[in-house]
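J.: Generate coordinates for the sequence data below:
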Amino acid sequence: MRLYVQLLLWLESAVAVVAYLTTAALLASQILAREVLTTSIDGGGKVAVLCAIVAGSLGMVIATGENAHLRPSFADGLLRGKGVERFGDVLSAALHIFLGYFAILFVAESRAFNDLAALIRIPLWPIQLVFPYMFFSSAFKHLIFAWHPEWKPRPILRD
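T.: Numbers count the residues shown, from 1 in each chain. I've put the predicted structure just below:
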C-alpha cells in the first residue's frame, strides 16, 4: 500500500509538471507569436489557463501527500495525545469527501448543460474532473496517514 501511495504521488507530480510545462510553453509561444510574428495562437491562452487549473489542483494533492500544505498552527498546544494527529487526518478526510461530493455535482451539472470552453469550444467537464479527483485523492491520503501515521512525511520546517 505504501508503494501505491508513493507511485500515485509520483504520477500526480508528473502530470502536474507536464501541465505547468504546457502552460509555460503556450504562454511563451503566445508572446513570441504576438511580438515577432504579429499574430496570436487561437485559443492558446485558454488552453494555458485550463492546464494551469489542472496543475494547481494537483498541487494541492501533492502538498497533502508530502505533508507540506498550509495549516493553522495557533491551536497546536490545545490538544495533546497520540490520537490527535490521527483525528486531524480523519477530520480532513471527511472534509475532502464532503467537498468531493459537491465537486461531482459540479462536474455533472457542467456536463448536463454541455458547458464549453470559450474560443476553443471543447467540453469543460473532462477538465473539471480534476476537482473531484483532487478532493478524493487528498481524502484517501489523509485516511492512509490516519491508519499508518508512520507513513506520513515529516512536515517541512518553516522559519
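J.: can we go C-alpha only for contacts and neighbour counts from here?
T.: Will do.
J.: Ignoring the adjacent residues along the chain, who's closest to residue 111?
T.: Using CA to CA, 6 or more residues apart in numbering and skipping the chain neighbours, the partner closest in space to residue 111 is residue 125 (5.5 Å).
J.: and the lengthiest helix in the chain, what does it pack onto?
T.: Determined from DSSP state H, the single longest helix within the chain is helix 2-35. Helices and strands in packing contact with helix 2-35 are listed as helix 44-65; criterion 3 or more CA pairs under 8 Å, 6 or more residues apart in numbering; DSSP states H and E.
J.: can you give me the mean pLDDT across the helix it packs on?
T.: Helix 44-65 comes out with an average pLDDT of 95.
J.: Give me the buried stretch members for it, please.
T.: By neighbour count on 16 or more other CA atoms under 10 Å, the buried set for helix 44-65 is 44-62, 64-65.
J.: From the contact counts, what lies against the helix or strand following that helix?
T.: Using DSSP states H and E, the helix or strand that follows helix 44-65 in sequence is helix 83-112. Contacts defined by 3+ CA pairs under 8 Å, 6+ apart place helix 83-112 against helix 125-128, helix 130-147.
J.: Which of those helices sits closest to residue 92?
T.: helix 130-147 (6.6 Å; CA to CA).
J.: which of the residues in that closest one are buried?
T.: Result for helix 130-147 [16+ other CA under 10 Å]: buried residues 130-146.
J.: could you say what helices and strands that helix packs with?
T.: helix 44-65, helix 83-112.
J.: one step back: state the separation between the longest helix of the chain and the centre of the chain it belongs to.
T.: Relative to the chain's own centre, helix 2-35 is displaced by 12 Å; criterion: CA atoms, centre = their mean, to the nearest Å.
J.: Mind listing what's buried along it?
T.: By neighbour count on 16+ other CA under 10 Å, the buried set for helix 2-35 is 5, 9, 12-13, 16, 19-23, 26-27, 29-31.
J.: State the mean pLDDT of it.
T.: Rounded mean pLDDT across helix 2-35 is 94.
J.: isn't residue 125 right up against residue 112?
T.: No. Residue 125 lies out of contact with residue 112 (CA atoms under 8 Å); the separation is 9.3 Å.
J.: if you count what's nearby, which of these two comes out ahead?
T.: residue 125 (20 against 10; other CA atoms under 10 Å).
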